[in-house]
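In: okay, predicted coordinates and the sequence, questions at the end:
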Amino acid sequence: MLPPPPRQPPPQARAARGAVRLQRPFLRSPLGVLRVLQLLAGAAFWITIATSKYQGPVHFALFVSVLFWLLTLGLYFLTLLGKHELVPVLGSRWLLVNVAHDVLAAALYGAATGIMSDQMQRHSYCNLKDYPLPCAYHAFLAAAVCGGICHGFYLLSALYGCGRRCQGKQEVV
């Protein structure tokens, strides 16, 4: 025997207090475009380093690139989904958090680019046409170029955020 059907329809599921909505203006904003470019250049930087044989100070460059790639990914999606207000203490100062992140990333990417340039120069001896052994010169050269591009992108986004802050704006978009 089956139970009788309910007399009332089930209550409608209430929308969550902070429903997730895509912030489309952020996608087209200069900061949104710069974030995507930072993610792409940062991924190229750390993949280039990780696929080569590295030692010594290159570990720091790899640490910087992976750390800021992950932090940028988090900032991008929190801003894109409009959930930055859920971050304790920092959510109300989101523009300032983004500027601080970008300034720190630009400084550390500058150091990482310097490390990769130094490693490239140390391996320049094997950039000969008929050198028979494996050489990391080209990987370090590519990583130095990608690091310089990342440094530039983070510097641009820091300047953009500072400009918005000087205009008295509190929001990223």
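Out: Now that the structure is in, tell me what you want to look at.

In: going forward, measure contacts between C-alpha atoms and count neighbours the same way
Out: OK.

In: next up, the contacts around the spatially most central residue of the chain.
Out: Centroid-nearest residue in the chain, with CA atoms, centre = their mean: residue 72, separated by 2.7 Å. Listed by CA atoms under 8 Å, 6 or more residues apart in numbering, the contact partners of residue 72 are 35, 38, 39.

In: now swap in residue 35 and tell me
Out: Counting by CA under 8 Å, 6+ apart, residue 35 has contacts 72, 76.

In: could I get the pLDDT score of it?
Out: Model confidence at residue 35, given as pLDDT, is 96.

In: how about the helices in the chain?
Out: Ranges of helices in the chain, per DSSP state H, are 24-28, 30-50, 58-80, 94-122, 137-166.

In: could you export these as JSON lines, including distance to residue 128?
Out: Below are those laid out as JSON lines (distance: least, CA to CA, whole Å):
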{"stretch": "helix 24-28", "distance to residue 128": "45"}
{"stretch": "helix 30-50", "distance to residue 128": "21"}
{"stretch": "helix 58-80", "distance to residue 128": "23"}
{"stretch": "helix 94-122", "distance to residue 128": "13"}
{"stretch": "helix 137-166", "distance to residue 128": "10"}
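
In: between those, which one is closest to residue 131.
Out: helix 137-166 (11.7 Å; CA to CA).

In: tell me how far the closest one is from the chain's mean position?
Out: 11 Å (CA atoms, centre = their mean, to the nearest Å).

In: now do stretch 52-60
Out: Distance, centroid of stretch 52-60 to centroid of chain: 21 Å (CA atoms, centre = their mean).

In: okay, buried residues for it please.
Out: residue 58 (16 or more other CA atoms under 10 Å).
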